[in-house]
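Novice: below is the structure, and that's it, no one-letter string:
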């Protein structure tokens, strides 16, 4: 019954998404017509023109690759550190409280302050990676800790009664619980990381990147160009999040 209901719902999801996009474009066009100043709110048509110009430019693919490379490196480091330290913090209260100040500092430090510090400490090519790592590491760490803490204690006690081995207990009980929290965190962290990396690139100005192109369009007062790069960022973030969703469905 549940399967048939979900099957009926699935085909409608792309339709609702398409409808939402159309409504947003209509609102955008109305707002652009009311303001009637391209430098403030460019029309969808002029943004589309800029989008075509940007996509056909020779540095477009290189910009995407450089930014995505930084985003993936930061994500992989944050994932590795978040999972390993999250497991230590989840299973051990003393380690959790030892790590707590570091996590709180990571969460509390303003992103702009972190970008400026990273620029002081590192080269412009590497600074965005550090910023992305610092921002998404607590998200992944907390998800792993929550996955371990929310395991049903009664099932753990039952496994102890039946002398289930530590490895079997970990694989059959803790890994599924951690995965359910971790995939959700990875999905949101992936998109967030891309946005943070681009924000850091806007200030650090690495040689060829999406953030650098944002800054060039801003300096030229080409608002349609900024909108076009924003659309590209949204599409990329959605694609990255979709990859995580597909991986999650494949696992299930």
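Specialist: Noted; the coordinates are in hand. The model shown is predicted, which means the values in this text are computed figures rather than measured ones.
Novice: residues contacting residue 110?
Specialist: By C-beta atoms under 8 Å, 6 or more residues apart in numbering, the contact set of residue 110 is empty. All C-beta spots, glycine's among them, are computed from the backbone N, C-alpha and C.
Novice: what's the mean pLDDT across the longest helix anywhere in the chain?
Specialist: Longest helix in the chain, counting residues (DSSP state H): helix 60-91. Averaged across helix 60-91, pLDDT comes to 93.
Novice: other SSEs contacting whichever strand or helix holds residue 215?
Specialist: Element membership for residue 215 (DSSP states H and E) is helix 210-219. Taking 3 or more C-beta pairs under 8 Å, 6 or more residues apart in numbering; DSSP states H and E as contact, the helices and strands that helix 210-219 lies on are helix 60-91, helix 175-204, helix 223-251.
Novice: buried residues, that helix. List them.
Specialist: Buried residues in helix 210-219, defined by neighbour count with 16 or more other C-beta atoms under 10 Å: 210-215, 217.
Novice: ok, now stretch 47-59?
Specialist: 47, 50-51, 54.
Novice: what does stretch 240-251 give?
Specialist: 240-241, 244, 248.
Novice: please identify the most buried of the helices and strands packed on helix 210-219.
Specialist: helix 175-204 (a mean of 21; mean count of other C-beta atoms under 10 Å).
Novice: what's the angle from that helix to helix 223-251?
Specialist: Helix 175-204 runs at 160 degrees relative to helix 223-251, counting by axes from the mean of the first three to the mean of the last three C-alpha atoms, to 10 degrees.
Novice: out of the buried residues of helix 210-219, which one sits closest to residue 201?
Specialist: Residue 201 lies nearest to residue 211 out of the buried residues of helix 210-219, by C-beta to C-beta, at 2.2 Å.
Novice: contacting residues for the closest one?
Specialist: Contact analysis of residue 211 by C-beta under 8 Å, 6+ apart lists 67, 128, 197-205.
Novice: hmm, try it at 6 Å
Specialist: 198, 201-202 (C-beta atoms under 6 Å, 6 or more residues apart in numbering).
Novice: residue 114 now?
Specialist: Contacts of residue 114 by C-beta under 6 Å, 6+ apart are 131, 134.
Novice: can you check residue 85 too?
Specialist: So residue 85 contacts residue 141 (C-beta under 6 Å, 6+ apart).
Novice: from residue 209, how far out is it?
Specialist: The gap separating residue 85 from residue 209 is 29 Å, by C-beta to C-beta, to the nearest Å.
Novice: ok, residue 106 next?
Specialist: Counting by C-beta to C-beta, the gap from residue 106 to residue 209 is 24 Å.
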